[in-house]
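A.B. asks: coords below, sequence missing:
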């Protein structure tokens, strides 16, 4: 039986070193993808990208407000594979990521989630030492456990995050991809997950599709994305009647930036965080999770 081609898709603004590490990991897959599609949210591609054994497609997406949903849609439109594997630019795929996703998608039509382990800052530039990544990577404490192999159905479709997920291209098209009304940070993947669940598509946790999240500074709360989070949370609530990103909204409310509760119909802005407050929310490098 012929293998179904799988495209790997990533979206990029800055983070050129992280992209190079992703590409290094992708070059060592037990089953190579049929291509890598990079959607650049910047005018030009980064230079000195690693050579790849598979084709690399480049698409460019305009917009100053981090058009994450639009960038994923443009990448999916450019992809030739029947399976779509979405990897955040911060993620280094383990050697079995593509093969595990592809095997799961060959057996099940649904939204596939991959395990992500977070790396601390200060590690050497990744050149292919996966043992070091495994040694230093830490699972997110709020995420459910993943099987070692095979798939496990996940009852909560909201577990989808944008770091690592996969689905059939035909399924992506059938649910309309991501809603480009979401722009900036937050909400677009949760909206996709909710629409997929309403369409009757199950969600699965996939064993063997682990990725390693390269460190970047964490803000608690993410005040640098304050306006985007409020805007996208309101949009999500208008569409679905419930809130997303409620943990961050709760943190904003605790700081008296907004008046909001989970039962509220809207968010009332009290004040915006200032530069000093946003800078103070930045955590030291040993903090891995927001």
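C.D. replies: Right, received. Where do you want to start? All values derive from a computational prediction rather than experimental measurement. Numbers count the residues shown, from 1 in each chain.

A.B. asks: Break down this structure into its helices, ranges please.
C.D. replies: Here the chain has its helices, by DSSP state H, at 16-26, 68-78, 97-107, 130-136, 169-174, 188-198, 226-240, 246-254, 275-281.

A.B. asks: Name the residues of the first one that are buried.
C.D. replies: When burial is assessed from 16 or more other CB atoms under 10 Å, helix 16-26 yields the following buried residues: 18, 19, 20, 21, 22, 23, 24, 25, 26. The C-beta positions use only the backbone N, C-alpha and C, and glycine is treated the same way.

A.B. asks: For burial, what's the neighbour tally of residue 78?
C.D. replies: 16 (other CB atoms under 10 Å).

A.B. asks: which ones are touching it?
C.D. replies: If you count contacts by CB atoms under 8 Å, 6 or more residues apart in numbering, residue 78 has them with 37, 39, 57, 59.

A.B. asks: quick one on the thing from earlier: which among the buried residues of helix 16-26 gets closest to residue 115?
C.D. replies: Of all the buried residues of helix 16-26, residue 115 sits closest to residue 25, with 14.4 Å by CB to CB.

A.B. asks: how much space between the closest one and residue 203?
C.D. replies: 24 Å (CB to CB, to the nearest Å).

A.B. asks: sorry, back to before: using CSV, please lay out the helices of the chain together with distance to residue 263.
C.D. replies: Below are these laid out as CSV (distance: least, CB to CB, whole Å):
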stretch, distance to residue 263
helix 16-26, 39
helix 68-78, 28
helix 97-107, 38
helix 130-136, 41
helix 169-174, 34
helix 188-198, 19
helix 226-240, 12
helix 246-254, 11
helix 275-281, 26
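
A.B. asks: can I get these in CSV with mean pLDDT and distance to residue 157?
C.D. replies: Compiled in CSV, the helices of the chain are given as follows (pLDDT from 0 to 100; distance: least, CB to CB, whole Å):
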stretch, mean pLDDT, distance to residue 157
helix 16-26, 97, 26
helix 68-78, 97, 17
helix 97-107, 97, 16
helix 130-136, 96, 28
helix 169-174, 98, 13
helix 188-198, 96, 4
helix 226-240, 96, 12
helix 246-254, 95, 16
helix 275-281, 94, 30
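
A.B. asks: I'd like to know which of these lies nearest to residue 149.
C.D. replies: When these are compared by CB to CB, helix 97-107 sits nearest residue 149, at 7.9 Å.

A.B. asks: Run the angle between that closest one and helix 16-26 for me.
C.D. replies: 60 degrees (axes from the mean of the first three to the mean of the last three CA atoms, to 10 degrees).

A.B. asks: Next, the buried residues of helix 97-107.
C.D. replies: Buried residues in helix 97-107, counted by 16+ other CB under 10 Å: 97, 98, 99, 100, 101, 102, 103, 104, 105.

A.B. asks: Could you do stretch 224-235 as well?
C.D. replies: Buried-residue list, stretch 224-235, by 16+ other CB under 10 Å: 224, 225, 226, 228, 229, 230, 231, 232, 233, 235.

A.B. asks: surely the last one meets residue 181?
C.D. replies: It refers to residue 235. Yes. Applying CB atoms under 8 Å as the test, residue 235 and residue 181 come out as touching, 6.0 Å apart.
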